[in-house]
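Undergrad: need coordinates for the below:
(one chain, ligands or ions: 2)
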Amino acid sequence: MLGFSFLRQRPIDKYVADFYCKDLKIIIEVDDYSHSIKEIYVKDIEREKRLIALGYYILTFKDQEVMNDIYNVGLRIENWINGTREKIIPLPPSKGDKASTEILQFSKATQLLTEGKVVAIPTETVYGLAANALNKEAVTEIFAIKNRPFFDPLIVHISDIKEVEKYATHFPEKAKKLANTFWPGPLTLILPKSKTIPDLVTSGLPFVGLRVPNHPLTLQLLKELPFPLAAPSANPFGYVSPTTAKHVEEQLGDKVSYILDGGQCEVGLESTIVMFEEDKNPVILRLGGLSIEAIEDCVGKVALNIASHSKPNSPGQLDKHYATRTPLKLVKEIDITAIDKSRTGAIAFYKPFDFLPIENQKILSPNKSLTEAAHNLFAAMRELDSLNLELILTENFQSNGLGPAINDRLNRARG
Ligand code: TXA
Ligand code: MG
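TA: Ligands and ions are numbered 1, 2, ... in the order given. Presented below is the predicted three-dimensional model:
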């Protein structure tokens, strides 16, 4: 705007601004209904006072205002930039403004997690259902909310590579190299666990999954909290992982105390999991947001053990995982003359299937980018699943980059 750039989700002091312009020291907050679930909308006075004392100027908009009057919002920002603050046109009171909603704000999430509650948090891969990893009651609550079997261990999220030594007894050189290269990022390392991590978190296994996620809000949370966060993906067990706060709200909104809204997940696929057993070569247990090529460029050849088992090493390997309710099939598996085309949807890579109505189709990346396709995959699966179709068709993605991870999710959804 007017030559100034505004950055999204910037950590400022101990808070995170929705939009921030460094040159102007202006913070733009869009806080309100979409951030909220059911409680009372409370403006964080302390936060405002502190930021103002540090010389920042804060312009706050309620979500509803932005939706109802985008023109005035633009004008208000421009007026401020032009130094004519007096002329600011007051925004009309917004319709549908809920006095009975509360912003799901950062400080509230910190408070609830400290109290041992479960909070949904954004990461760059998918949203997580987080609780204090060192508090058994809090961790038990995660399993209960997700309806997840206790044999399926949780990933522990930490703020920095330096924390590995607190929770793992051994940090092999190759694991260290991967962590140094890809953290924060979509990589989980399975390392021999220290006693600090409760057995409940690792389902009794002598290994713990550790990851530094790459999302400014969650990194900030992890830095402030004196404990790591255990967090599985924030979906009911067996269903597609959520990539927006709204996905979490739709499925678990009545069960979690808070959802911290950090926007749409950048990567859109869960982390790649690499297992390190002492003196053995690394093994990939789950394909994910970090490609095999990237891993092998860093540490050389790795083994793959991602086939599904009845007793998997990593229960993400279970067959019926990431499922949609609507049956999903590869287009080459079916006779297209025998289907009801009006009730068939499709997930296509870059161009629609010509024999199906376009409105039932999701094109993941018209530019043929596998990264973009991964980013859009789970939202596409959810949207098609909500259309009450009989069948969803898809195709095989290419076998480089994030293609194998996308194929893995689609194959498991096919069950
Ligand atoms: O990207 C991600 O990894 C997301 C975000 C929230 O960080 N988390 C995630 O968690 O996908 P979840 O619980 O949905 O999947 C974690 C997978 C499970 O299949 C689990 O079995 C495996 O990681 N896992 C966790 N700890 C393990 C361990 N100690 N040994 C073997 N597998 C482990
Ligand atoms: Mg999951």
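Undergrad: could you chop the chain up by domain?
TA: 7-87, 106-317, 328-414 (automatic domain parsing).
Undergrad: any chance of those in CSV, plus mean pLDDT?
TA: What follows is the domains of the chain, written out as CSV (pLDDT from 0 to 100):
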stretch, mean pLDDT
domain 7-87, 68
domain 106-317, 93
domain 328-414, 96
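Undergrad: just give me the residue closest to the centre of this protein.
TA: V126 (2.4 Å; C-alpha atoms, centre = their mean).
Undergrad: which of the domains of the chain sits most buried?
TA: Across those, averaging neighbours per residue (mean count of other C-beta atoms under 10 Å) puts domain 106-317 on top, at a mean of 20. (C-beta placed from N, C-alpha, C; glycine too.)
Undergrad: now for W183: which residues touch it?
TA: I161, R211, V212, N214 (C-beta atoms under 8 Å, 6 or more residues apart in numbering).
Undergrad: narrow those to those in strands?
TA: Using DSSP state E, R211 are the members of the contacts of W183 that sit in strands.
Undergrad: between the contacts of W183, which is closest to A133?
TA: Of all those, A133 sits closest to R211, with 11.6 Å by C-beta to C-beta.
Undergrad: now for that closest one: which residues touch it?
TA: Here R211 is in contact with I155, V156, H157, I158, W183, L187, T188, L189, S271 (C-beta under 8 Å, 6+ apart).
Undergrad: phi and psi next, for the residue nearest to the centre of the chain.
TA: The phi and psi values for V126, taken as degrees, to the nearest 10, are phi -140, psi 170.
Undergrad: in this structure it contacts C265, no?
TA: Yes. Contact criterion C-beta atoms under 8 Å: V126 and C265 qualify, at 5.6 Å.
Undergrad: give me the common contacts of the two.
TA: Common contact partners of V126 and C265 (C-beta under 8 Å, 6+ apart): T243.
Undergrad: show me where the protein has helices.
TA: Counting by DSSP state H, the chain has helices at residues 45-53, 63-68, 70-81, 106-114, 136-146, 164-167, 173-182, 216-224, 245-252, 292-299, 370-385, 403-414.
Undergrad: my read: P352 touches N360, true?
TA: No. Applying C-beta under 8 Å, one finds P352 not in contact with N360, separated by 9.4 Å.
Undergrad: so which bits of the chain are right by ligand 1?
TA: 123, 125-126, 128, 152-155, 188, 190, 202, 205, 207-209, 211, 213, 231-233, 270-271, 273, 285, 313-316 (C-beta under 6 Å from any ligand atom).
Undergrad: check contacts around L225.
TA: T110, L113, T114, N132.
Undergrad: change it to 10 Å
TA: By C-beta atoms under 10 Å, 6 or more residues apart in numbering, the contact set of L225 is A109, T110, L113, T114, A130, N132, S159.
Undergrad: distance check, the residue nearest to the third one when sequence neighbours are not counted against R286.
TA: Spatial nearest neighbour of L113, excluding adjacent residues (C-beta to C-beta, 6 or more residues apart in numbering): V119 at 5.5 Å. In this view, V119 and R286 are 24 Å apart by C-beta to C-beta, to the nearest Å.
Undergrad: if we can go back for a sec, tell me the one among the contacts of L225 nearest to ligand 1.
TA: Among the contacts of L225, A130 lies closest to ligand 1 (C-beta to the nearest ligand atom), at 7.9 Å.
Undergrad: quick check: the closest one touching T110?
TA: No. Using C-beta atoms under 10 Å as the test, A130 is too far from T110 to be in contact (11.3 Å).
Undergrad: which neighbours do these two share?
TA: Joint contacts of A130 and T110 (C-beta under 10 Å, 6+ apart) are V119, L221, L225, L260.
Undergrad: which of those fall within strands?
TA: Under the assignment DSSP E, the shared contacts of A130 and T110 contribute V119 to strands.
Undergrad: please identify which pair of the shared contacts of A130 and T110 lies farthest apart.
TA: L225 and L260 (12.6 Å).
Undergrad: need the overlap of contacts for the two.
TA: A109, T110, L113, A130.
Undergrad: determine which two of those residues are furthest apart.
TA: Longest span within the shared contacts of L225 and L260, C-beta to C-beta: T110 and A130, 11.3 Å.
Undergrad: settle this for me: D385 is touching T326, isn't it.
TA: Yes. Between D385 and T326 there is a contact under C-beta under 10 Å: 5.3 Å.
Undergrad: so what sits against both of the two?
TA: With C-beta under 10 Å, 6+ apart, D385 and T326 have common neighbours G345, I392, A413.
Undergrad: one step back: out of the contacts of R211, which is nearest to ligand 1?
TA: The shortest gap between ligand 1 and any of those belongs to S271, at 3.5 Å (C-beta to the nearest ligand atom).
Undergrad: tell me the contacts of the closest one?
TA: 123-126, 155, 182, 185-189, 209, 211, 213-214, 233, 286, 288-290, 316.
Undergrad: tell me which of the residues you listed fall in strands.
TA: The strands, defined by DSSP E, take in I155, L187, T188, L189, G209, R211, R286 from the contacts of S271.
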